[in-house]
Each structure stands twice: as C-alpha cells, then as structure tokens.
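Colleague: Generate a structure from the sequence data that follows.
(one chain, ligands or ions: 1)
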Amino acid sequence: MMSTINQITVIGSGVMGHGIAQISAMAGYEVVIRDIQQSFLDKAMEKINWSVNKLAEKKKINQTEAEKIISRIHPIVDIQQSLKNSELIIEAVPEDLRLKHKVYQELDKYADKDVIFGSNTSTLPISEISSFTSRPNRFIGLHFFNPPQLMKLVEVIPGDKTDKQITDLVINFVSKIGKIPILCKKDVPGFIVNRIFIPLVHEAMYSLDRSKSSLVEVDSASKYKMALPMGIFELADYTGLDVIHKATNEMYSRDKKVVFPHPKIQELFENKELGQKTGKGFYLYQGDNYERIQLTEELAEKFDPISLVSVAVNNASWLLSNEVCDKNELEQALMLGMGLKRELFETAEIFGINNIIDTLQYLSSKFGTFYEPDKYLLSMKK
Ligand code: 3HC
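Modeller: So this is what the prediction gives:
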C-alpha cells in the first residue's frame with residue numbers, strides 16, 4: 001500500500017480538468033492531462049496559460065514559477081501512456097453515467113494495481129460509479145469547485161466500499177495542493193454545496209416569475225442581501241447551464257425533495273444557451289472569456305430574496321438533520337465552495353427564522369412538498 005501520492009493523471013481537460021491539473025502542478029506535482037483530442041488539450045493549455053499569467057500579474061507567483069508550473073503539465077491523448085506510473089487518477093469527464101462507465105472500464109484496464117480513482121463528479125452516486133471498476137475500495141469522490149484555481153474547497157466523498165486508508169491519503173493530498181478538504185459523510189444527491197446551489201438557481205427563476213422583477217435585480221439582491229459573491233443567474237451562466245441541467249436531472253431522479261426544477265433551465269440547455277462559454281445564457285456575453293455582470297446595491301433594494309434564502313436554509317437544514325456534515329463544516333463548505341461572504345444561518349437570522357418557516361409553509365401549501373420545512377429548521381422556531 002502506497003503512503004504518498006507523487007504522480008497524477010487528470011482525465012478530461014474541460015473547465016474542471018484543466019483547473020485541477022493546474023493547481024496540482026502549482027503544488028509541485030508532475031501531472032498528465034488527458035483528453036480524447038489534441039485540440040481539446042491545446043485549448044486547456046491555453047486556459048492554463050491565461051490563468052497562470054493572471055496569477056503572476058497579481059504577484060501570487062513569480063515568472064520563473066509560472067514557467068515551471070507549465071512545464072510540469074503533460075498533455076497526452078493516448079490513454080495507456082497517460083496512465084503510466086500514475087498513482088492518482090482524477091476523472092473530470094462530462095456528467096453522464098454511461099460515459100463514465102466507458103471511461104472507467106478503460107481506466108481499470110490500463111491503470112496500475114495500486115492506483116487511486118478520484119471522481120470529480122458533482123452529483124452522480126459515488127458507490128455506483130465505483131462499481132464500474134474492479135476495485136471500488138480504492139475509489140472516492142473528489143469534488144472541486146469552479147474555478148478550481150480560486151475556490152478552496154474540495155468535498156471528499158467515500159463510497160460504501162472505500163478503504164479508510166484511501167480516504168486519509170486523499171484528504172492529505174487535498175491539503176498538499178493548498179485546498180481544504182471537507183468530508184461529506186453520506187453519498188447524498190448534490191453532496192453538500194450543490195444541494196444548496198442547484199435548487200437556488202431554480203428558485204431564482206420561480207421568484208422571477210412570481211415577482212416580475214428583472215434578472216439584475218434578483219442578482220443584485222443575491223449578491224448584496226444574501227452575501228453571494230456573484231448574482232445567482234450570473235453564477236449559473238458562469239457554471240454552465242449544461243452542468244446545472246445535468247446536475248438537476250440527476251439529483252431530481254434520486255430525490256424529489258432536493259430540487260424543484262424550473263422548465264427554463266431545460267429550455268436554455270436545449271437551445272444551447274449554456275452561459276458564458278456559448279456567449280449567451282441568462283445574459284449575453286462578448287466572448288468565452290471571464291466576464292462579470294454589473295450589479296448594484298440600488299438594484300438589490302428592488303427585490304426581496306426571502307424565498308431564495310428560505311430554500312437555501314431549508315436544504316442546509318436537511319443536510320444537518322441527515323448528518324451529512326455538521327454546522328461548522330456546512331458553513332465552511334459554503335464559504336469556500338460558493339464564496340459566501342457571511343454564514344448562511346447568520347443570513348437566516350437577519351431575515352428571521354420564523355419568517356423563513358412561514359414563507360416555506362406558504363409556498364408548500366401552494367406548490368407542494370419541495371418547500372416543506374425541515375425538522376431541524378422547525379426546531380429553531382422562536
Ligand atoms: N485563474 C486565475 N485568475 C482568475 C480565474 C482563474 N481561473 N478566474 C478569474 N480570475 C481572476 C479574474 O480575472 C479577476 O482578475 P482581475 O482583478 O484582474 O479582473 C480576479 O480573479 C478576481 O475576480 P473578480 O474581480 O471578478 O471577483 P471576485 O472577487 O468575485 O472573485 C470568484 C471571483 C472567485 C469567481 C468569486 O466571484 C466567486 O467565488 N464566485 C462564486 C463561484 C462559485 O460559487 N463556484 C462554485 C460553483 S458550483 C461548482 O463549481 C460545483 C459544480 O459541481 C457545479
């Protein structure tokens with residue numbers, strides 16, 4: 001049994017894959033990044049160059065370091081070659097169970113016997129993916145947040161057969177790459193952060209319908225009243241409507257209580273209006289580069305985000321009732337994984353616990369069980 005991890009292969013070079021490869025290289029690891037086409041890898045290396053230059057510009061790293069980081073990343077198309085001597089494989093391919101099945105069969109065939117499989121899946125069940133390999137005891141969920149270069153959180157999710165030693169090794173690896181690991185104790189749909197984030201996007205759409213407010217008003221209120229670093233629609237565009245749509249379907253198919261899907265998300269997905277990367281989502285963008293929406297405190301005054309706060313707090317309460325994590329871990333995860341600038345339960349106190357419970361009871365009487373307040377939240381009633 002190995003005691004440390006030295007060499008890493010990242011499978012998939014998209015938004016998450018390239019960022020994970022970059023931060024691993026920044027921590028001194030030799031990293032292979034693998035994708036099915038050279039052109040995908042070229043694009044990934046372009047993005048890594050942009051990000052490393054940005055960090056150098058901001059004096060987070062110096063020019064010599066920047067060059068060394070790039071030189072530690074090896075783009076390879078050939079799967080067998082990409083796995084040579086690899087001790088940890090981090091898989092970040094699109095969120096499709098059939099695709100993951102195919103990928104893991106191949107990885108299982110060529111990887112060393114002592115390799116650790118870490119899946120960056122955002123919502124698929126870890127135990128089920130682990131069964132696609134012949135060694136589910138060496139399989140674990142390793143969920144990074146976008147952009148991996150800046151977001152400090154990694155959720156670590158053991159499956160039902162994961163060896164304790166593997167969990168410990170992976171937690172140690174996460175710390176070594178400068179991230180903060182939070183153990184998600186149960187393999188539940190959405191793990192910790194997506195259980196809050198994904199339903200919030202849908203609720204923002206419903207509240208837009210109900211209130212007749214504008215996108216920028218809802219977004220400004222999410223930023224200035226809920227302490228999110230971006231507006232909720234801005235964040236959805238930034239994350240990608242394809243990612244949100246797939247995560248929604250997956251979570252909803254496993255648990256109807258976790259999310260109340262709004263048809264607009266599916267519509268944007270089907271129209272290929274995927275957000276920043278396609279130039280259009282909820283908003284229009286000039287290109288596929290990092291771009292922000294102008295939000296203001298004045299606009300925030302025009303919208304009351306009580307239903308958004310209520311849905312977030314209710315799903316957070318579900319995590320606590322079900323012992324997926326404790327309250328400190330939850331607040332830490334939201335600050336590090338979604339950039340929340342204030343604890344969620346502090347926001348809940350500002351809006352009023354009783355007000356939140358009343359809002360949920362009203363919404364559940366009109367729209368059904370998704371809104372029923374969780375028992376943890378009810379126990380906080382004043
Ligand atoms: N590498 C390096 N630098 C980057 C970067 C990257 N990948 N991306 C952005 N930057 C730079 C920007 O260019 C900007 O530089 P500038 O000052 O020269 O313009 C700088 O970082 C800071 O950006 P901003 O001024 O726009 O502002 P913020 O202070 O708001 O920070 C942020 C940006 C860290 C992205 C912050 O807005 C944030 O935390 N947003 C929330 C992100 C989030 O919630 N992510 C999780 C989504 S859910 C998920 O990933 C799970 C999945 O399973 C769905």
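Colleague: For the protein, which residues score under the pLDDT cut-off?
Modeller: Low-confidence segments of the chain, defined by pLDDT under 70: 1-3, 288.
Colleague: center of it, which residue is that?
Modeller: For the chain, residue 145 is the residue whose C-alpha lies nearest the centre (CA atoms, centre = their mean; 4.2 Å).
Colleague: In contact with that one, which residues?
Modeller: Contacts for residue 145 (CB atoms under 8 Å, 6 or more residues apart in numbering) come out as 151, 153, 154, 193, 336, 337, 338. Yep, even glycine has a C-beta here, placed from its N, CA and C like the rest.
Colleague: if I look at it, how far off is residue 236?
Modeller: Separation of residue 145 from residue 236 (CB to CB, to the nearest Å) stands at 14 Å.
Colleague: hmm, back to that, quick check: phi and psi at the residue nearest to the centre of the chain.
Modeller: Dihedral angles of residue 145 (phi, psi; degrees, to the nearest 10) stand at phi -120, psi 150.
Colleague: Not counting sequence-adjacent ones, nearest residue to it?
Modeller: Sequence neighbours aside, residue 151 is the residue nearest to residue 145 in space, at 3.7 Å (criterion: CB to CB, 6 or more residues apart in numbering).
Colleague: Would you confirm that that neighbour contacts residue 339?
Modeller: Yes: contact status for residue 151 versus residue 339: in contact at 7.2 Å, counting by CB atoms under 8 Å.
Colleague: Show me what residue of the stretch 251-382 of the chain gets nearest to the ligand.
Modeller: Using CB to the nearest ligand atom, the closest approach of the stretch 251-382 of the chain to the ligand is made by residue 339 at 2.6 Å.
Colleague: and the closest residue to that residue other than its chain neighbours, what does it touch?
Modeller: The shortest distance from residue 339 to any non-neighbouring residue, by CB to CB, 6+ apart, is to residue 229 (3.8 Å). Each residue near residue 229 by CB under 8 Å, 6+ apart is listed here: 223, 338, 339, 340, 341.
Colleague: For these, work out which two are farthest apart.
Modeller: 223 and 338 (12.1 Å; CB to CB).
Colleague: any idea how far residue 323 is from residue 121?
Modeller: Distance, residue 121 to residue 323, by CB to CB: 22 Å.
Colleague: Sorry, slip of the keys, the one I care about is residue 196.
Modeller: Plainly put, residue 196 is 17 Å away from residue 323 if you go by CB to CB.
Colleague: These two: who's more crowded?
Modeller: The neighbour comparison of residue 196 against residue 323 (other CB atoms under 10 Å) goes to residue 196, with 24 against 9.
Colleague: tell me which element that one falls in.
Modeller: Assessed by DSSP states H and E, residue 196 sits inside helix 193-211.
Colleague: Ok, residue 107 next?
Modeller: Using DSSP H and E, the element containing residue 107 is helix 97-110.
Colleague: do residue 323 as well
Modeller: Using DSSP H and E, residue 323 maps to neither a helix nor a strand.
Colleague: Report the contact partners of it.
Modeller: Neighbours of residue 323 in contact, by CB under 8 Å, 6+ apart: 185, 186.
Colleague: cool, and residue 121?
Modeller: Each residue near residue 121 by CB under 8 Å, 6+ apart is listed here: 91, 95, 100, 129, 141, 143.
Colleague: Which of these lies at the shortest distance from the ligand?
Modeller: With CB to the nearest ligand atom as the yardstick, the closest approach to the ligand among those comes from residue 143, at 6.4 Å.
Colleague: hang on, the closest one packs against residue 151?
Modeller: No: in this structure, residue 143 is not within contact of residue 151 by CB under 8 Å, at 10.8 Å.
Colleague: Give the burial count for the residue lying closest to residue 183 once chain neighbours are set aside, as a bare number.
Modeller: The shortest distance from residue 183 to any non-neighbouring residue, by CB to CB, 6+ apart, is to residue 156 (5.3 Å). Other residues lying near residue 156 total 22 when counted by other CB under 10 Å.
Colleague: Pairing-wise in the sheet, spell out the partners of residue 156.
Modeller: For residue 156, the beta-bridge partners are residue 142, residue 183 (DSSP bridges).
Colleague: ok, and for stretch 276-296, which residues are buried?
Modeller: Neighbour-count burial for stretch 276-296 flags 276, 277, 278, 280, 281, 282, 283, 285, 293, 295 (criterion: 16 or more other CB atoms under 10 Å).
Colleague: element containing whatever residue of the stretch 101-250 of the chain ends up closest to the ligand?
Modeller: Nearest residue of the stretch 101-250 of the chain to the ligand, counting by CB to the nearest ligand atom: residue 122, 2.8 Å away. For residue 122, there is no host helix or strand (DSSP H and E).
Colleague: From residue 299, how far out is it?
Modeller: Residue 122 sits 30 Å away from residue 299, taking CB to CB as the criterion.
Colleague: who's more crowded, the two?
Modeller: For residue 122 versus residue 299, neighbours defined as other CB under 10 Å are more numerous around residue 122 (27 against 20).
Colleague: Now do the SS call for residue 114.
Modeller: The three-state label given to residue 114 by DSSP: H, G, I helix; E, B strand; the rest coil is coil.
Colleague: For it, give me phi and psi.
Modeller: phi -90, psi 10.
Colleague: wait, doesn't it sit right on residue 87?
Modeller: Yes: here residue 114 lies in contact with residue 87, judged by CB under 8 Å, at a distance of 7.0 Å.
Colleague: Who has more neighbours out of those two?
Modeller: Legend: neighbour count by other CB under 10 Å for residue 114 and residue 87, higher for residue 87 (19 against 10).
Colleague: element containing the nearest residue to the more buried one once chain neighbours are set aside, please.
Modeller: Distance criterion CB to CB, 6+ apart; nearest residue to residue 87, sequence neighbours excluded, is residue 5 at 4.8 Å. Under the criterion DSSP H and E, no helix or strand holds residue 5.
Colleague: Sweet, I'm off.
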